[in-house]
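Participant: Everything below, folded, please.
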Amino acid sequence: MQTVKTKYWHKLDDGRVQCDLCPRECKLKNGQSGLCFVRACEDDQIVLTTYGRSSGFCIDPIEKKPLNHYYPGTSVLSFGTAGCNLACKFCQNWDISKSRQMDTLADAASPEALAQAAKKLGCRSIAFTYNDPVIFHEYAIDVADACHELNVKTVAVSAGYVLPEPRKEFYEHIDAVNIDLKAFTEDFYHRITGSHLANVLETLAYLKHETDVWFEITNLVIPGENDSEKEINQMTEWILSELGPDVPLHFSAFHPDWKMRDKARTSLETLQKARSIAIMNGLNYVYTGNVHDREGDTTYCHQCGEELIIRDWYEIKAWSMNQTGACPKCNNVCAGVFDKEHGKWGSKRVPVKLNDS
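Facilitator: As a prediction, the model looks like this:
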């Protein structure tokens, strides 16, 4: 494991050092780590302590990120590190994101080795996931650069909780991202995640208006917390007005985990209701996730209603778009990034060891 210097920090008058990567702006003395556990103060500067180490590697379908409009059907080499800059009580990767133990980072993974592995394994892209790549900013960027040398795309799965300057640098190296919009109230963000809604909305607006990064949004629907029709209505109206109708939105089912084991699983009916509200409000591509729902898995032409991509969970069962990504019935173009043909990876999830790749 390698410790590397970072550049997003400054010294305070009281002798501490402030990390300027995310809105937490952790103020640290030498020997202290930020809430993320992995950015620490050493020799009066902020360092990343987990560079070049991963909590594991797995080949996934790209739809599992979830990204339904970015090279559908292709495989993605997924990996994460340890730690997180949010404190979500419902975290479903808590063993990784909440880990303070460096032995969680079992696998060595230089940027070049990761890129070569993705290429050799036939993966169209590599994903920074399981924990938020915001906190391993320098490592993610180096991996992205190594991947681009081999024509491997880079995908981020993020909560979008990052300050403007590092955000700009990060997304100069990223091809696609799924942003986890956890709720649409400040109360939820403050009480359940220990963060703030406004910063995430700023990231979404930045992606839309100042980058060419393909992005989709996931909303994990938690019973009794963020599932009211009022909140779903407000959120989808904001997406339409600020981001436009073509940003895919995924309503995903919650299951009890970490510190929210007292909540029930999200019902299919709740997800379908949220999807119907979003469609009624004018969003063109709305999905349900973590449930078996053929209608909620399918991509439709928003112009004529034709089924363009029929999915069964993460597997593509039928594909009717032409080579330009247009509907065969009305010739309306489907928003997204597509090859002439869809990938054939299917729904497989294959753990791999980097040195076995």
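
Participant: shaky segments in the protein?
Facilitator: Applying pLDDT under 70 to the chain picks out residues 1, 92-107, 257-259, 355-357.

Participant: Need the residue closest to the centroid of it.
Facilitator: residue 157 (1.7 Å; CA atoms, centre = their mean).

Participant: and for the helix or strand hosting it, what are the contacting residues?
Facilitator: Residue 157 is located in strand 153-158, with elements delineated by DSSP states H and E. For strand 153-158, contacts defined as CB atoms under 8 Å, 6 or more residues apart in numbering pick out 62, 65, 67, 70-71, 76, 124-130, 132-134, 140, 143-144, 147-148, 170, 173-180. Where C-beta positions appear, they are placed from N, C-alpha and C, glycine not excepted.

Participant: how about the CA coordinates for it, as CSV?
Facilitator: The C-alpha coordinates for strand 153-158 follow below in CSV (Å, rounded to 0.1, in the frame of the first residue of the first chain):
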residue,chain,number,x,y,z
LYS,A,153,-13.8,3.6,-20.6
THR,A,154,-14.1,4.8,-17.0
VAL,A,155,-17.3,4.8,-14.9
ALA,A,156,-17.8,6.3,-11.5
VAL,A,157,-20.5,5.4,-9.0
SER,A,158,-20.7,8.4,-6.6
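
Participant: now it: how far from the chain's centre is it?
Facilitator: 6 Å (CA atoms, centre = their mean, to the nearest Å).

Participant: May I have the strands that pair with it, each with its orientation?
Facilitator: Taking DSSP bridges as the criterion, strand 153-158 sits next to strand 125-128 (parallel), strand 176-180 (parallel) in its sheet.

Participant: nearest to residue 23, of these?
Facilitator: Of all those, it is strand 176-180 that lies closest to residue 23, at 15.0 Å by CB to CB.

Participant: contacts for the helix or strand that comes right after the closest one?
Facilitator: The C-terminal neighbour of strand 176-180 among helices and strands, as given by DSSP H and E, is helix 186-188. The contact list for helix 186-188 (CB under 8 Å, 6+ apart) reads 182, 196, 197, 198, 225, 226.

Participant: Highest neighbour count among those residues?
Facilitator: Among those, residue 182 has the most neighbours (other CB atoms under 10 Å), with 25 neighbours.

Participant: Skip the chain neighbours and tell me the closest residue to that residue.
Facilitator: residue 193 (5.9 Å; CB to CB, 6 or more residues apart in numbering).

Participant: quick one: that neighbour and residue 86 touch, right?
Facilitator: Yes: contact criterion CB atoms under 8 Å: residue 193 and residue 86 qualify, at 5.0 Å.

Participant: Now list whatever residues contact both of these two.
Facilitator: With CB under 8 Å, 6+ apart, residue 193 and residue 86 have common neighbours residue 159.

Participant: what about residue 78, how many residues close to it?
Facilitator: 26.

Participant: Could you double-check that it lies in contact with residue 58?
Facilitator: Yes: using CB under 8 Å, residue 78 makes contact with residue 58 at a distance of 5.0 Å.

Participant: Can you get me a residue count around the residue nearest to residue 182?
Facilitator: 22.

Participant: residues contacting residue 302?
Facilitator: 245, 284, 285, 332.

Participant: Is there a quick ChimeraX command that grabs whichever of those are buried?
Facilitator: Here is the ChimeraX command that selects the buried residues among the contacts of residue 302 (16 or more other CB atoms under 10 Å):
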select :284,285
